[in-house]
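Trainee: I'd like to go over a predicted model; first the sequence, then the structure.
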There are 2 protein chains.
Amino acid sequence: VIAPARAFVALVHHPVYDRTGRIVTSAVSNLDIHDIARVSRTYGVGGYYICTPVQAQRDHVGNVVGHWESADEMATSRRVEALALIRTVGMLEDAVDDVRRACGGRPFVVATGAARRPGSLAAVEVRRRAAEAAALLVCFGTGWGLAEEVFGAADAVLDPIDAGSGYNHLPVRAAVAIVLERLLAG
Amino acid sequence: VIAPARAFVALVHHPVYDRTGRIVTSAVSNLDIHDIARVSRTYGVGGYYICTPVQAQRDHVGNVVGHWESADEMATSRRVEALALIRTVGMLEDAVDDVRRACGGRPFVVATGAARRPGSLAAVEVRRRAAEAAALLVCFGTGWGLAEEVFGAADAVLDPIDAGSGYNHLPVRAAVAIVLERLLAG
């Protein structure tokens, strides 16, 4: 297994699909800021990248994190500890570059999505390949999912979560929790 | 493994602790209604009980579900399919009774929490015991977690999620996703 500190999460807001199949830039959700930070902290990941080309949205994320950091309350300290994992970048490529700098080598970049795709890898295989790489970067799409070009640029695609029910309409924050359990749990 | 259709989720709003350790009735969160319904549907569970002794809160849940059922849009159909799993009851015991009636025998009742407790069981052991029971009911606390009496009345306590990081401050909706992955994934 890769050391969790060398695993990173990227939440992509562009390019993603909207419900009609158009490529859009989705808005950052406060909920995804908090929930995914807490899940990332639980699994000990090295960082959580929020990727959006909209500067005002990156500023908003910084304000949310700053708000909690300045709250100075014991009751919020564990929340701050999770939010400290957040880095804002414009595009996924910026996250890849940042991980490369931090870990001394290109991360193994894995795209995720709800649809089954030819050549996708089981979690056990992603774990094996990640263990051989300098780092692992797992990418999640907001809106109606990552655009085709993100899958094309990734090193691998993870099998969809599909728990056998045929239902694959999960909130992205739940998908992150399940995928980190599959890729990082001891 | 137990058939997922014989597994049930209970989200308990009373008795739970608040941040000061007092026993309270927490408010139902819209987010927990939706996210936990979608995760439950993904794993194919038989039902999702929202337990609160406050009738107005149970009515609120019914209104939310009814709102989406009447929306009559293709885009919301998968959401409705998840919300259809929701049953509102007053107390956890009512959920236990309802599962007993539906499955023809008392469910194996498992309590969950963030703190490590003596005698708690690993997921693999809960899977084994659940497979021998008529049904499985997994109970999650809102607020600052299930009151002691809920642990006392349960048949077993699941090991905390603790992914090795020492951090255990997860949103309950993320905990449900991870626990269902551990107990029900094939």
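Mentor: Great, that's in hand.

Trainee: would you list every one of the strands in chain A?
Mentor: Assignment of strands within chain A using DSSP state E yields the ranges A:7-12, A:16-17, A:23-24, A:47-51, A:86-89, A:108-111, A:136-141, A:156-157.

Trainee: Burial check on the nearest residue to A:Val138 once chain neighbours are set aside, number of neighbours?
Mentor: What sits nearest to A:Val138 in space, not counting adjacent residues and going by CB to CB, 6 or more residues apart in numbering or on different chains, is A:Val110, at 5.0 Å. Yep, even glycine has a C-beta here, placed from its N, CA and C like the rest. Neighbouring residues of A:Val110 were enumerated by other CB atoms under 10 Å in any protein chain shown; the total is 25.

Trainee: hang on, the earlier thing: want to throw the strands of chain A into a markdown table with mean pLDDT?
Mentor: Below are the strands of chain A laid out as a markdown table (pLDDT from 0 to 100):
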| stretch | mean pLDDT |
| --- | --- |
| strand A:7-12 | 98 |
| strand A:16-17 | 98 |
| strand A:23-24 | 98 |
| strand A:47-51 | 98 |
| strand A:86-89 | 98 |
| strand A:108-111 | 98 |
| strand A:136-141 | 98 |
| strand A:156-157 | 98 |
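
Trainee: buried residues in the lowest-mean-pLDDT helix or strand in chain A?
Mentor: Scoring the helices and strands of chain A by mean pLDDT, DSSP states H and E places helix A:77-83 at the bottom, with a mean of 89. Within helix A:77-83, the residues scored as buried using 16 or more other CB atoms under 10 Å in any protein chain shown are A:Arg79, A:Val80, A:Ala82, A:Leu83.

Trainee: quick one: the second one from A:Phe8, how far?
Mentor: Looking back up the chat, that one is A:Val80. 20 Å (CB to CB, to the nearest Å).

Trainee: Over to the third one?
Mentor: Distance of A:Ala82 to A:Phe8, given as CB to CB: 15 Å.

Trainee: re earlier: restricting to the buried residues of helix A:77-83, which residues neighbour chain B?
Mentor: A:Arg79, A:Ala82 (CB under 8 Å from any CB of the partner chain).

Trainee: Export the buried residues of helix A:77-83 as JSON lines, with columns for distance to A:Phe140.
Mentor: Compiled in JSON lines, the buried residues of helix A:77-83 are given as follows (distance: CB to CB, whole Å):
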{"residue": "A:Arg79", "distance to A:Phe140": "21"}
{"residue": "A:Val80", "distance to A:Phe140": "23"}
{"residue": "A:Ala82", "distance to A:Phe140": "17"}
{"residue": "A:Leu83", "distance to A:Phe140": "18"}
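
Trainee: for A:His169, phi and psi?
Mentor: Main-chain dihedrals, A:His169, degrees, to the nearest 10: phi -110, psi 70.

Trainee: Just give the closest residue to it, not the sequence neighbours.
Mentor: B:Arg78 (4.2 Å).

Trainee: What of A:Ala95?
Mentor: A:Tyr49 is the one closest to A:Ala95 (CB to CB, 6+ apart), at 3.9 Å.

Trainee: Surely A:Lys138 touches A:Arg6?
Mentor: You called it Lys, but residue A:138 is Val. No. Contact criterion CB atoms under 8 Å: A:Val138 and A:Arg6 do not qualify, at 11.8 Å.

Trainee: buried set for stretch A:101-108?
Mentor: A:Ala102, A:Cys103, A:Pro107, A:Phe108.

Trainee: Is it possible to get those residues out as JSON lines so that each row also shows distance to chain B?
Mentor: As requested, the buried residues of stretch A:101-108 are exported to JSON lines (distance: CB to the nearest CB, whole Å):
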{"residue": "A:Ala102", "distance to chain B": "18"}
{"residue": "A:Cys103", "distance to chain B": "18"}
{"residue": "A:Pro107", "distance to chain B": "20"}
{"residue": "A:Phe108", "distance to chain B": "20"}
